[in-house]
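S.K.: what's the 3D shape of this:
(chains A, B, C and D)
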Protein chains: 2
Amino acid sequence: MNVRDDRREAALERMADHLLVQGLAGASLRPLAAAAGTSDRMLLYYFKDKDELLTATLGRIMERLARLLDGVGGGAGPMPFTALLLEIRAVFRSPALQPYMRLWIELAASAARDEAPHRAVAGQIADGFLAWTASRLQVEQEAGRIPLAALLLATVDGLALLDAVGRSAIADDAAAALPLRPASTARRPKRPR
Amino acid sequence: MNVRDDRREAALERMADHLLVQGLAGASLRPLAAAAGTSDRMLLYYFKDKDELLTATLGRIMERLARLLDGVGGGAGPMPFTALLLEIRAVFRSPALQPYMRLWIELAASAARDEAPHRAVAGQIADGFLAWTASRLQVEQEAGRIPLAALLLATVDGLALLDAVGRSAIADDAAAALPLRPASTARRPKRPR
DNA sequence: CCTCCTGCGTAGCACTCGCTACATAGCATG
DNA sequence: CATGCTATGTAGCGAGTGCTACGCAGGAGG
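M.R.: Reported below is the predicted structural model:
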């Protein structure tokens, strides 16, 4: 009965592996089918569309990432801004998590242009990251938690982007300039123009 | 004699326009040729390769960006970290400069995977950004100029990435959390201040 | 006048893309 | 046994990809 669902499930796992290694460039039907040990014909039998297929596969990857992140800084409890940031950066530079970061950047680039499904998925990922970051962050006033987590997220992403273009040296410099603790946010100055 | 070079030059300009609008996805020969008012055949006559063509076009785009940035914060002299960051972010969100940011992210994503020519070009762009940022930054100790500029660059990129995935709200939150002035960098062991 | 190089158009190759039409083998149910 | 559904293979379409082969016009040099 669920012969079909079982096979679909198996294909999903293998395709997630494949996407993580090959990136969105390897996301055409025939290579994906080869990686899943089936044919493009069958993929479109399991999924109605390439879009549906891709969304499902990216969703699977998100689940994996969430599970992996659960193990990070788990015992340590909440950490202050800079310490948490450096830890996250270190984690995402490890071979196990690097593919996720690369895929995330690819997804962001593609989200900046087309509409579905990348934009939606990418947005969800950002939200997930933010929530996860906020939950690990040690903060003085609770009101500043989300903004501070957002800043942390942005900074991590920026560092990853510099890594991606082969300028880890710049990223390291940037990490060295991190404030030991982020000034309390208060209100922001108006910009000149 | 320069008939060829003139035409090549003209094609370069038109292709730069095209790339900025369409992104790397529009970077195949026939669309580029159409944008340049010629044929793919001719593009490969002007340039030996698609790689050479792309590198040249991206180079042209970099020159344009550099010229555009010269006009930014020109009269204002050096600015402190947060003010400069907010100004740069505002500038890159303007319609005129947004395409550059999007292309930059696309370039970074592609650089994270393939080798030439994107990786090389993307690296140069990062270096250029860093130098430009450093030149506008007002710092307390000269030694901290490069690291602080690097941090600013990373943060701007991170904010842009969040914008790209349609999470400008998160980016705005992050901007609100920026320290009014960045703690002096020093070394990182204990907590000063 | 004849030849040769420059500039360029036409056609095409061999490939990949997402997707579909068609056929079929096996099994379940009437 | 007949019917019909499930699962899957084969083949192909129409569009796009980078790139090349070939040939033709026209002007420059002999």
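
S.K.: correct me if wrong: A:G158 contacts B:L161.
M.R.: Yes - A:G158 is in contact with B:L161 according to Cβ atoms under 8 Å; the separation is 7.2 Å. All C-beta spots, glycine's among them, are computed from the backbone N, C-alpha and C.

S.K.: mind listing what the residue positioned nearest the centre of chain A touches?
M.R.: Residue closest to the average C-alpha location in chain A (Cα atoms, centre = their mean): A:W104, at 4.6 Å. Residues in contact with A:W104 (Cβ atoms under 8 Å, 6 or more residues apart in numbering or on different chains) are A:A122, A:I125, A:D157, A:A160.

S.K.: check the secondary structure at it for me.
M.R.: When classified by DSSP: H, G, I helix; E, B strand; the rest coil, A:W104 comes out as helix.

S.K.: measure it to A:A56 for me?
M.R.: Noted for A:W104: a distance of 18 Å to A:A56, by Cβ to Cβ, to the nearest Å.

S.K.: ditto for A:Q124
M.R.: Counting by Cβ to Cβ, the gap from A:Q124 to A:A56 is 13 Å.

S.K.: likewise A:A27?
M.R.: Applying Cβ to Cβ to A:A27 and A:A56 gives a distance of 12 Å.

S.K.: okay, now the unreliable bits of chain A?
M.R.: A:1, A:73-75, A:180-193 (pLDDT under 70).

S.K.: so which strand or helix has the closest residue to A:L86 other than its chain neighbours?
M.R.: Computed as Cβ to Cβ, 6 or more residues apart in numbering or on different chains, the closest residue to A:L86 that is not its neighbour in sequence is A:A175, at 6.4 Å. If you go by DSSP states H and E, A:A175 is part of helix A:168-176.

S.K.: only C-alpha atoms, please: export that helix in CSV.
M.R.: The C-alpha atoms that make up helix A:168-176 are tabulated as CSV, following Å, rounded to 0.1, in the frame of the first residue of the first chain:
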residue,chain,number,x,y,z
SER,A,168,38.2,33.9,5.7
ALA,A,169,41.0,36.2,6.7
ILE,A,170,38.6,39.2,6.6
ALA,A,171,36.0,37.2,8.6
ASP,A,172,38.7,36.4,11.2
ASP,A,173,39.6,40.0,11.4
ALA,A,174,35.9,40.9,11.9
ALA,A,175,35.6,38.3,14.6
ALA,A,176,38.5,39.8,16.4
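
S.K.: what does chain A put close to DNA strand C?
M.R.: Neighbours of DNA strand C within chain A, by Cβ under 7 Å from any atom of the strand: A:A27, A:S28, A:L29, A:R30, A:P31, A:D40, A:R41, A:L44, A:D49, A:K50, A:D51.

S.K.: now the buried members of the residues you listed.
M.R.: Buried residues within the residues of chain A next to DNA strand C, counting neighbours by 16 or more other Cβ atoms under 10 Å in any protein chain shown: A:A27, A:L29, A:D40, A:K50.
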